[in-house]
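> structure, please.
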Amino acid sequence: MISTIVRRFGLVAAALAALAGILGAAGAPAVALAAKASPTTPNVGLATDVVEIQTMRGRARFTVELAVTPIQQERGLMFRKSLAPDRGMLFPFKPVRPAAFWMKNTLIPLDIIYIAPSGKVLSIARNAVPHDETPLPSGGVVGAVLEIPGGRASQLGILPGDRVFNKIFPKP
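Okay, here's the model as predicted:
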């Protein structure tokens, strides 16, 4: 009797896993799973890169984690308790598109820098408020978004029109 229950449960579990795999390929559940992200499922193991921004005051350099997949992008910097002043997260978009970020489950203030496909800063949402679910729109088409600690854009003099350097942007 117990072995029959175990086998039935195993078949149901296998069927559910297969269904999840099929739906996951379509993209729907991946977003749903990411939206249910919790502190016990961190966005770990992301590749890193360097982003530099040329401002009127000089070059600002950040070591960034790359959020490339939809799940990584949905998760972003949620549940992080701190972010060093020279760190951030880069969200490259292919295809390019208008974007809007929010701060759901984000514990620290962030500056959200929207970058045009040309590599120029399009707009900045400064000191985005932790946990705020209000969408913060880019104001146009972007090739990437850079999140850095809240207040750093002002400290470094980062403004719309400044040039961003990374391999995802064309060389000037």
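> residue 81 belongs to a helix?
No. Under DSSP: H, G, I helix; E, B strand; the rest coil, residue 81 sits outside any helix and is assigned coil.
> next one: it from residue 107, what distance?
Applying Cβ to Cβ, to the nearest Å, the value for residue 81 to residue 107 is 6 Å. C-beta: built from backbone N, CA, C; applies to glycine.
> of those two, who's got more company?
residue 107 (15 against 7; other Cβ atoms under 10 Å).
> so that one makes contact with residue 80?
Yes. Using Cβ atoms under 8 Å, residue 107 is in contact with residue 80, at 6.3 Å.
> quick one, what contacts the residue nearest to residue 116 when sequence neighbours are not counted?
Among residues not flanking residue 116 along the chain, residue 122 sits closest, at 4.5 Å (Cβ to Cβ, 6 or more residues apart in numbering). Residue 122 sits next to 114, 115, 116, 138, 139, 140, 142, 160 when contact means Cβ atoms under 8 Å, 6 or more residues apart in numbering.
> ranges for the strands of this structure?
Secondary structure of the chain (DSSP state E): strands located at 48-55, 58-66, 87-101, 110-115, 121-128, 136-149, 163-165.
> chain center to the third one, what's the gap?
When distances are taken as Cα atoms, centre = their mean, to the nearest Å, strand 87-101 is centred 7 Å away from the chain's centroid.
> thinking again about what came up before, now do the residue nearest to residue 116 against residue 131, distance only.
Distance of residue 122 to residue 131, computed by Cβ to Cβ: 25 Å.
> hmm, which helix or strand of this protein has the shakiest average pLDDT?
Scoring the helices and strands of the chain by mean pLDDT, DSSP states H and E places helix 28-35 at the bottom, with a mean of 32.
> okay, now the residue lying closest to residue 99 once chain neighbours are set aside: neighbour count?
In space, and not counting its chain neighbours, residue 99 is closest to residue 138: 4.5 Å by Cβ to Cβ, 6+ apart. Using other Cβ under 10 Å, residue 138 has 22 other residues around it.
> from residue 105, how far off is residue 138?
Residue 138 sits 21 Å away from residue 105, going by Cβ to Cβ.
> verify the stated contact: the residue nearest to residue 99 with residue 145.
Yes. Using Cβ under 8 Å, residue 138 makes contact with residue 145 at a distance of 7.4 Å.
> mind listing the shared neighbours of these two?
In terms of Cβ under 8 Å, 6+ apart, residue 138 and residue 145 are both contacted by the residues 99, 114.
> poorly predicted segments of this structure, please.
Within the chain, the stretches with pLDDT under 70 are 1-44.
> redo that, cut-off 80
Low-confidence segments of the chain (pLDDT under 80): 1-44, 172.
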